[in-house]
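**Q** would you be able to build a 3D model of this:
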Amino acid sequence: MQPTYVLVHGAFANSFSFAPLQAELGLLGHRSVAVDLPGHGFGATYTRAYQAPQDLEALAAAPGAIKGVTLADNAAHLIGILERARRNGPVILVAHSRGGVTATAAANARPDLIDRIVYVAAWCPVALDVGAYHAEPEMADFDAASLGLAAAGNPAELGLLRVNFRTADPAALAAFKAAFLADGTDEEFLTFLNTFQPDENLDVGTSADRAQAATWGTVPRTYLRLADDASMPLALQDRLIREGDALTPDNPYDVRTLPGSHLKWLVDPAPAARVLGELASLTAPAAE
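**A** Sure thing, here's the model as predicted:
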């Protein structure tokens with residue numbers, strides 16, 4: 001049976017960024033569904049203060065709809081979509097970046113709904129909580145502080161993370177481009193930046209949300225490494241693969257690699273679509 005690819009976005013992103021990838025998958029004969037997690041897509045908050053000319057003081061204080069959204073909320077929303085998709089045949093769950101945390105939580109809870117998980121330079125915490133990995137050697141070259149150049153408001157007061165992606169600050173824009181799309185043109189970078197939404201939820205889970213061998217570990221999985229990723233360094237991607245394999249050595253990752261930065265696979269999606277398409281032949285429906 002034809003599988004359905006369920007695509008889960010990363011931080012500050014939404015389903016819109018998957019449109020070129022979905023076009024490529026469709027032209028290869030594959031069915032796909034792009035997910036908007038709670039508070040994303042048309043559920044996101046865009047205030048007049050975010051428009052031009054910007055009112056930075058108002059932007060820093062404006063409430064956001066994503067306040068209070070938890071990882072459990074994200075996982076429950078994704079599970080609802082997986083339940084619907086599973087009625088039509090096998091499901092290949094594809095997660096990018098922070099979306100891997102939600103995919104992992106969903107697989108911990110309902111492995112029966114997923115026939116294969118594909119992590120694309122995505123978080124799958126095993127040995128540590130997500131936040132703790134940032135202090136590890138594999139993240140030493142990632143300058144998280146530079147991404148704070150466009151931060152707006154106090155997360156503790158707002159109850160969310162807010163970034164002014166419409167900034168014209170040259171230093172902030174240079175930091176974003178270096179982290180996310182260093183191998184893209186300036187036009188591609190600015191176009192993609194304008195698909196980002198300003199708000200993201202704070203909760204990325206606890207140790208209880210790490211990959212669990214008895215559930216998550218039963219699902220066949222692929223890790224699609226992005227070789228030139230600066231925000232999710234290759235060393236960290238490889239560590240997550242090693243830790244997952246150590247957790248369930250009888251069900252190791254199928255590992256693939258594409259050249260490019262964190263976002264290049266979405267800007268130029270044909271190579272990724274071909275790799276994802278190859279996984280359809282490896283995917284058999286999970287036992288009911």
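**Q** which outside residues touch the helix or strand bottoming out on mean pLDDT in the chain?
**A** Least confident helix or strand of the chain, by mean pLDDT, DSSP states H and E, is helix 144-147 with a mean of 80. By Cβ atoms under 8 Å, 6 or more residues apart in numbering, the residues outside helix 144-147 that reach it are 134, 163, 171, 172, 175, 176, 178, 179. In this view, the C-beta of every residue, glycine as well, is placed from N, C-alpha and C.
**Q** one more: stretch 34-43?
**A** By Cβ under 8 Å, 6+ apart, stretch 34-43 touches 6-9, 13-16, 18-19, 22, 45, 64-66, 69, 73-74, 77-78, 81, 99, 102, 197, 199, 201.
**Q** helices of this protein, residue ranges please.
**A** 19-27, 56-61, 71-86, 99-109, 130-133, 144-147, 155-158, 170-180, 186-193, 234-247, 264-267, 270-279 (DSSP state H).
**Q** now do the last one: distance to the chain's middle.
**A** Just to be clear, that refers to helix 270-279. 17 Å (Cα atoms, centre = their mean, to the nearest Å).
**Q** summarise which helices and strands that helix is packed against.
**A** Counting contacts by 3 or more Cβ pairs under 8 Å, 6 or more residues apart in numbering; DSSP states H and E, helix 270-279 packs against helix 19-27, strand 91-96, strand 116-120, strand 221-226, strand 254-258, helix 264-267.
**Q** in its sheet, what does the fifth one sit against?
**A** As defined by DSSP bridges, the strand partners of strand 254-258 come to strand 221-226 (parallel).
**Q** tell me the mean pLDDT over the partner strand?
**A** The average of the pLDDT scores along strand 221-226 is 98.
**Q** with stretch 59-79 instead?
**A** 97.
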